[in-house]
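Student: Sequence plus the predicted model coming up.
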Amino acid sequence: MKLHFIAIGGSAMHNLAIALHKKGYEITGSDDEIFEPSKSRLAKYNLLPSKEGWDEKNIHDGLDAVILGMHARSDNPELLKAQKLGLKIYSYPEFLYEQSKNKKRVVIGGSHGKTTITAMILHVLQECGIKCDYMVGAQLSGFDVMVKLTNDAPIMILEGDEYLTSPIDRRPKFHVYMPDIALISGIAWDHINVFPTFENYTEQFLIFANLISDGGLLIYCSDDKDVKKVSELAKNTISKIPYSLPEYNIRNGITYLKSDTEEYPLMIFGKHNLLNLNGARLVCEQIGVNQKRFYKAISSFKGASKRLELVAKNETVSVFKDFAHSPSKLKATTMAVKEQYPERELVACLELHTFSSLNAEFLNEYRSSMNYADKAIVYFNPHTIAHKKLPSISTEQVRQAFGREDVIVYTNSETLQKYLLNQTWKNKNLLLMSSGNFDGIDFSEFAYKLLGL
């Protein structure tokens, strides 16, 4: 097949392009800007467009289909040409579904934890030698690409994002995949630019649950009252299995899973990760992996990229980075680090970077979300707010929203870095949380400088 990708530089899009190239498809693509690591990875497979920008000439009758990325606009000239020619146009979720129609589809959904749970499942299946196709939203250790498509794998593991499918398809992505097995890890209001109320947001998860094939299975986190409510309302032609925390203990900064006869040390930690792990275990059981095999395999799981990732450490200090940006993720991540290292002071630093987090009305959702941190720091860039065309917010608004008089608020990245570098770092941990990079911080370089390494 000959396929053209409009907005090939996106995280999911460029991985799908590479996966299809490896499968033998003829791939072309275009984008108005392509950043790293997409740029280098596309170049490695000779898929990098020769020039940036859109060109109607890329679209012609010789194409079998066009795959449209979310980054493109509905008035994109290449899209308009494809529509005029009557070409088949897929979003990348639609194309993934087309590639997996004859496979058992396992879809992992939830406001938080879905990337980690998907990564855990893939890690265990790889350790156990079980073939599967997949799509996951982060680069994983031991995996060359974030999307894999083959003809022979009987299972497809899909991370099910609730954000919109494409500029011309306003369905959430996870409504496209039609799961045989689905998991919902948690529900916490997000993407308020698309889902204006919590009720509207929650409704998307009920629709997702009701799309499970008859006779299929819903695995859900019973610790989350909203997830539990969705499971109760979901159709009765499916089976439903709840999960909660597994048995565990913590010794000398290491978390151990407990079974009847053995303990299994983990490389990850935090109650949210243990919940994720138990959900992943139940999925793997449906694929033929028993608890003992799962626990043995998960012991070597280091975590998904940017998910409570250790950047650098010495004997008394550890620096972590995390993708956390929503209130629920922020609370879970700070609690995890404090529980794992109760004797160390926790300095937690959050960047408000997403549309929701920079919205003055949504800001109040962050109240008490940093209470597990001994020192709470919040950073935002007023230029980012202007770029997103949102009303401005003040440092005082941020301070009041978090409900802590002692929260420190910065609006200049260099000033923030100087403050952190001038602190005394002994028996302390630093947790940097953002879906961005604090306007240009190289996390590794900064951590090594802070630790004097």
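Tutor: Ah, there it is.
Student: Please, where are all the helices along the chain?
Tutor: Assignment of helices within the chain using DSSP state H yields the ranges 11-22, 38-44, 77-85, 92-100, 114-127, 198-210, 225-233, 271-286, 291-298, 327-340, 382-387, 395-402, 413-421, 443-451.
Student: Just give the closest residue to I241, not the sequence neighbours.
Tutor: Across the structure, with CB to CB, 6 or more residues apart in numbering as the measure, the residue nearest I241 apart from its sequence neighbours is I219 (5.0 Å). (C-beta placed from N, C-alpha, C; glycine too.)
Student: Need the helices of the chain in CSV (columns: mean neighbour count and mean pLDDT).
Tutor: Converted to CSV, these look like this (neighbours: other CB atoms under 10 Å; pLDDT from 0 to 100):
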stretch, mean neighbour count, mean pLDDT
helix 11-22, 22, 94
helix 38-44, 16, 95
helix 77-85, 17, 98
helix 92-100, 21, 95
helix 114-127, 25, 95
helix 198-210, 18, 97
helix 225-233, 16, 98
helix 271-286, 23, 96
helix 291-298, 18, 96
helix 327-340, 22, 92
helix 382-387, 14, 91
helix 395-402, 17, 94
helix 413-421, 15, 97
helix 443-451, 16, 96
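Student: Run through the residues that contact the residue nearest to the spatial centre of the chain.
Tutor: Per CA atoms, centre = their mean, the C-alpha nearest to the average position across the chain is that of T115, at 4.5 Å. If a contact means CB atoms under 8 Å, 6 or more residues apart in numbering, then T115 has 136-138, 159, 304, 307, 323 as its contacts.
Student: With L330 instead?
Tutor: Residues near L330 by CB under 8 Å, 6+ apart: 324, 350, 366, 369-370, 433.
Student: Restricted to strands, list these.
Tutor: Secondary structure assignment by DSSP state E places 350, 433 of the contacts of L330 in strands.
Student: just the contacts of L330: which has the poorest pLDDT?
Tutor: Taking pLDDT as the measure, the contacts of L330 have their low point at A324 (76).
Student: what's around it, how many residues?
Tutor: Burial of A324 is recorded as 27 neighbouring residues (other CB atoms under 10 Å).
Student: Next, it: phi, psi?
Tutor: The phi and psi torsions at A324 (degrees, to the nearest 10) take the values phi -50, psi 130.
Student: Buried residues in stretch 402-410, which are they?
Tutor: Neighbour counts over stretch 402-410 (16 or more other CB atoms under 10 Å) mark 402, 404, 407-410 as buried.
Student: for those residues, which one is nearest V227?
Tutor: Proximity of the buried residues of stretch 402-410 to V227 was ranked by CB to CB; the top entry is F402 with 25.6 Å.
Student: hmm, back to that, distance to V66 added to the helices of the chain, as JSON lines?
Tutor: Output for the helices of the chain, formatted as JSON lines (distance: least, CB to CB, whole Å):
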{"stretch": "helix 11-22", "distance to V66": "12"}
{"stretch": "helix 38-44", "distance to V66": "17"}
{"stretch": "helix 77-85", "distance to V66": "5"}
{"stretch": "helix 92-100", "distance to V66": "10"}
{"stretch": "helix 114-127", "distance to V66": "27"}
{"stretch": "helix 198-210", "distance to V66": "26"}
{"stretch": "helix 225-233", "distance to V66": "35"}
{"stretch": "helix 271-286", "distance to V66": "33"}
{"stretch": "helix 291-298", "distance to V66": "39"}
{"stretch": "helix 327-340", "distance to V66": "35"}
{"stretch": "helix 382-387", "distance to V66": "29"}
{"stretch": "helix 395-402", "distance to V66": "43"}
{"stretch": "helix 413-421", "distance to V66": "39"}
{"stretch": "helix 443-451", "distance to V66": "37"}
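Student: okay but Y201 is in contact with N193, surely?
Tutor: No. With contact defined as CB atoms under 8 Å, Y201 does not count as touching N193 (11.4 Å).
Student: returning to what we had before: can you tell me which of the contacts of T115 are in strands?
Tutor: The subset of the contacts of T115 that ends up in strands is E159, with DSSP E as the criterion.
Student: Lowest-confidence entry in the contacts of T115?
Tutor: A138 (76).
Student: what's the pLDDT at A7?
Tutor: 97.
Student: What sits closest to it if chain neighbours are left out?
Tutor: Setting aside the residues directly before and after it, A7 is nearest to G69 in space (CB to CB, 6+ apart), at 3.0 Å.
Student: now the one you found: how far from A43?
Tutor: Using CB to CB, to the nearest Å, G69 is found at 18 Å from A43.
Student: Tell me if I'm right that K258 and E247 touch.
Tutor: Yes. Taking contacts as CB under 8 Å, K258 lies within contact range of E247: 4.0 Å.
Student: So for S318, what pLDDT did the model give?
Tutor: Among the per-residue scores, S318 shows a pLDDT of 96.
Student: count of residues packed around it?
Tutor: Residue crowding around S318 was assessed by other CB under 10 Å; the count is 21.
Student: Assess the claim that it and Y341 are in contact.
Tutor: Yes. Using CB under 8 Å, S318 is in contact with Y341, at 7.3 Å.
Student: Return every residue with contacts to both of the two.
Tutor: Joint contacts of S318 and Y341 (CB under 8 Å, 6+ apart) are N429.
Student: List the contacts of K228.
Tutor: So K228 contacts 220, 222, 242 (CB under 8 Å, 6+ apart).
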